[in-house]
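In: Would you be able to build a 3D model of this:
(one chain, ligands or ions: 2)
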Amino acid sequence: MNPLLKLESVCKAFGGLKVTNNVNISVMPGEISAIIGPNGAGKTTLFNQITGNLLPDTGKVLFKGKDLVGQTPQKIVFSGIGRAFQISSLFPDESVLDNIKVACLSRMNKTKKFWRPMLKFKQATEQAYAILESLGLESQAQRFAFELAHGDQKLLDIGIALALKPELLLLDEPTAGMSPEERKVTQNLIKKLWKEFDLTLIFIEHDMDMVFDIAQIVRVLQQGTLLAEGSPEEIQNNKEVITAYLGEEL
Ligand SMILES: Nc1ncnc2c1ncn2[C@@H]1O[C@H](COP(=O)(O)OP(=O)(O)O)[C@@H](O)[C@H]1O
Ligand SMILES: [Mg+2]
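Out: Ligands and ions are numbered 1, 2, ... in the order given. All right, here's what the predicted structure looks like:
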């Protein structure tokens with residue numbers, strides 16, 4: 001089987017600081033994996049180079065064998081890489097339903113021809129409701145996005161990403177700012193979405209319970225370098241990782 005995503009010798013520096021230092025990663029289709037590492041390790045910067053928000057200095061970002069480097073974020077989204085941001089990117093003054101519906105419509109406009117606009121709106125509404133149900137947000141459909149609790153806003157952000165039907169979904173700290181109870185709920189939900197939407201999923205996370213519970217592969221970044229990669233057991237027992245990161249985190 002070929003990897004769905006392959007990073008080849010990806011390098012990025014800001015000034016003299018190497019934030020991505022010769023990173024090589026292969027992500028297999030259907031895999032759920034975590035990226036962990038201290039603040040400032042370059043995790044978000046790595047995501048930004050996969051989604052086209054930042055250009056690597058050198059190296060390749062191969063998705064289904066094709067190099068994405070130089071493509072616009074919009075083009076990359078429509079080629080199948082979705083993303084939920086560390087900071088929500090919602091339309092706060094629109095309804096929860098409309099936030100998702102807009103994303104459904106933009107994908108439909110991109111991929112299908114509709115002769116009857118009403119049919120298109122009907123389909124978009126149905127798809128948006130289905131996504132809200134998967135997220136457990138259906139009862140909030142008519143509320144404004146800004147009225148939602150912080151945790152639900154983050155879920156809505158994931159819903160918008162799902163509306164674009166990604167094959168690969170990137171989640172940057174999905175449980176940041178949540179209470180322990182909310183985190184547990186979100187953890188279970190992410191696992192459910194991974195299966196239900198047939199996703200390949202990569203999440204950045206500081207909650208080690210979640211990382212070791214649901215990731216099949218864990219990758220550790222430190223100062224832009226891939227320090228280790230392996231199963232949860234391998235990573236938990238890796239001396240270098242314990243010294244560099246896990247020691248203080250656990
Ligand atoms: N646009 C930028 N310009 C300059 N430095 C940046 C920029 N974005 C991030 N950095 C720096 O790159 C390093 C990695 O940041 P980041 O990828 O956000 O880390 P992480 O997500 O692992 O916490 C940090 O030292 C950060 O200050
Ligand atoms: Mg970050």
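
In: Only C-alpha atoms from now on, for both contacts and neighbour counts.
Out: Noted.

In: Distance of Arg116 relative to Lys122?
Out: 10 Å (CA to CA, to the nearest Å).

In: Would you mind listing what in this protein touches ligand 1?
Out: By CA under 6 Å from any ligand atom, the part of the chain that sits against ligand 1 consists of Phe14, Val19, Asn39, Gly40, Ala41, Gly42, Lys43, Thr44, Thr45.

In: Quick one, which of the residues you listed are buried?
Out: Buried members of these, counted by 16 or more other CA atoms under 10 Å: Val19, Ala41, Gly42, Lys43, Thr44, Thr45.

In: gap between stretch 227-235 and the chain center?
Out: Averaging C-alpha positions (CA atoms, centre = their mean, to the nearest Å) puts stretch 227-235 20 Å from its chain's average.

In: Can you tell me which residue is spatially central in this protein?
Out: Centroid-nearest residue in the chain, with CA atoms, centre = their mean: Leu170, separated by 1.6 Å.

In: Quickly run through the sheet partners of the helix or strand hosting it, with directions.
Out: Under the criterion of DSSP states H and E, Leu170 resides in strand 168-172. In the sheet containing strand 168-172, its partner strands are strand 81-84 (parallel), strand 200-204 (parallel), by DSSP bridges.

In: Please look at Thr51 and Pro73 and confirm they touch.
Out: Yes: using CA atoms under 8 Å, Thr51 is in contact with Pro73, at 5.6 Å.

In: in the longest helix along the chain, what's buried?
Out: Looking across the chain with DSSP state H, the single longest helix is helix 117-135. Going by neighbour count (16+ other CA under 10 Å), the buried part of helix 117-135 is Lys120, Phe121, Gln123, Ala124, Thr125, Gln127, Ala128, Tyr129, Ile131, Leu132, Ser134, Leu135.

In: Roughly how far does the last one sit from ligand 1?
Out: With distances taken as CA to the nearest ligand atom, to the nearest Å, Leu135 is found 26 Å from ligand 1.
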